[in-house]
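*Asks:* this is the structure alone, sequence omitted:
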Ligand SMILES: NC(=O)c1ccc[n+]([C@@H]2O[C@H](COP(=O)([O-])OP(=O)(O)OC[C@H]3O[C@@H](n4cnc5c(N)ncnc54)[C@H](O)[C@@H]3O)[C@@H](O)[C@H]2O)c1
């Protein structure tokens, strides 16, 4: 029987591209999202590719929604092989003193606890069958810690920390864990950006537009993880290079990061 995958935030951007990539490879694909219109659009696209797909209105801030997906997938397909915790928001950006605690809590609830809930609900199924994969979508922000994005960066660094912990915790059970850290790429993510001025939104939109790779390119690289078994995937070439430089030439990286921060502060304040 073909393998089974569940993608959170499957109604748009990377989640959509992942769902379609796995469906094209013959997987049985289930998607969840809070945006019902987009969920329906992707559900229709999946139906054109496979007779076996499922879609769920599923908010990752509600554990009961994820438990519902688990029981429906178990009923329909006997469980799942891969869970992709992809749903996320851009949330609040700006200077630390301007970010409200409410904005921090929203980001943590969706970007961190949403992934925690996905792991908590689906890992027991994978443990029972002693096989499977957990793929968590973080961001290069977790590695590069850019200025004016403290809440988003903390949320994604938490996803990376959680993934590294689970990588070892779940290995005795035959479960692979992967963490994906993309740089900017063009999606609908800016719709969820909460910023104190238009400048930040413009900046994010511009860098997204300039991305050398698309959601589909990243989905392809994620799909290849089943062969490579790499833990960390940094899909953008430039971010891979910066990540190496940060570790090998920390003083150089620090100087560049401070210069970039100076420019951003001048432009955005
Ligand atoms: N686009 C980028 O530049 C970029 C860069 C690095 C990391 N990421 C990460 O990639 C992931 C996918 O984002 P994207 O860029 O495709 O954005 P997107 O906005 O196009 O897609 C995200 C999807 O998640 C859904 N979603 C949001 N909150 C949800 C919740 N609580 N429960 C269920 N679904 C929810 C949205 O409705 C949307 O359909 C996110 O985790 C994001 O942080 C994106």
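*Replies:* The structure has been received and is ready for your questions. In this text, all values refer to a predicted model and were calculated from it rather than measured experimentally.
*Asks:* so where does the spatially closest residue to residue 268 that is not a sequence neighbour fall, helix or strand?
*Replies:* Spatially, and ignoring its direct neighbours in sequence, residue 268 is nearest to residue 199 (4.8 Å; C-beta to C-beta, 6 or more residues apart in numbering). C-beta here means a position set from N, CA and C on the backbone, and glycine is covered the same way. Counting by DSSP states H and E, the element that carries residue 199 is helix 198-209.
*Asks:* chain center to that helix: distance?
*Replies:* The chain centroid and the centroid of helix 198-209 are separated by 20 Å under C-alpha atoms, centre = their mean, to the nearest Å.
*Asks:* by contact count, what packs against that helix?
*Replies:* Helices and strands touching helix 198-209, as assessed by 3 or more C-beta pairs under 8 Å, 6 or more residues apart in numbering; DSSP states H and E, comprise strand 193-195, helix 250-268.
*Asks:* quick revisit: what about the residue nearest to residue 268, distance to residue 96?
*Replies:* Between residue 199 and residue 96 the distance is 17 Å, computed by C-beta to C-beta, to the nearest Å.
*Asks:* neighbour-wise, which of these two wins?
*Replies:* Neighbour comparison, residue 199 and residue 96: the larger count goes to residue 199, with 14 against 9 (by other C-beta atoms under 10 Å).
*Asks:* my guess is the more buried one contacts residue 266. True?
*Replies:* No: distance between residue 199 and residue 266: 10.8 Å, which falls outside the contact criterion (C-beta atoms under 8 Å).
*Asks:* mind giving me TSV with the helices and strands packed on helix 198-209 and columns for mean pLDDT and distance to residue 91?
*Replies:* As requested, these are exported to TSV (pLDDT from 0 to 100; distance: least, C-beta to C-beta, whole Å):
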stretch	mean pLDDT	distance to residue 91
strand 193-195	82	6
helix 250-268	91	16
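*Asks:* of those, which stretch is the most buried?
*Replies:* Ranked by mean neighbour count, the helices and strands packed on helix 198-209 are led by strand 193-195 with a mean of 19 (mean count of other C-beta atoms under 10 Å).
*Asks:* what does the protein have sitting close to the ligand?
*Replies:* Taking C-beta under 6 Å from any ligand atom as the measure of proximity, the chain contacts the ligand at 8-9, 11-15, 32-35, 38, 58-61, 86-89, 110, 114, 137, 139, 182, 184-185, 187-189, 192, 208.
*Asks:* so for the strand or helix carrying residue 64, mean pLDDT?
*Replies:* Assessed by DSSP H and E, residue 64 sits inside helix 63-77. Model confidence over helix 63-77, given as mean pLDDT, is 98.
*Asks:* what is the next helix-or-strand element following it packed up against?
*Replies:* Going down the chain from helix 63-77, the next helix or strand is strand 82-85, by DSSP H and E. For strand 82-85, the helices and strands in contact under the criterion 3+ C-beta pairs under 8 Å, 6+ apart are strand 4-8, helix 13-24, helix 113-129, strand 132-137.
*Asks:* save those as TSV, and put in mean pLDDT and distance to residue 255 too.
*Replies:* Converted to TSV, the helices and strands packed on strand 82-85 look like this (pLDDT from 0 to 100; distance: least, C-beta to C-beta, whole Å):
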stretch	mean pLDDT	distance to residue 255
strand 4-8	98	39
helix 13-24	98	32
helix 113-129	98	33
strand 132-137	98	30
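*Asks:* who touches residue 45 in this structure?
*Replies:* By C-beta atoms under 8 Å, 6 or more residues apart in numbering, the residues touching residue 45 are 16, 20.
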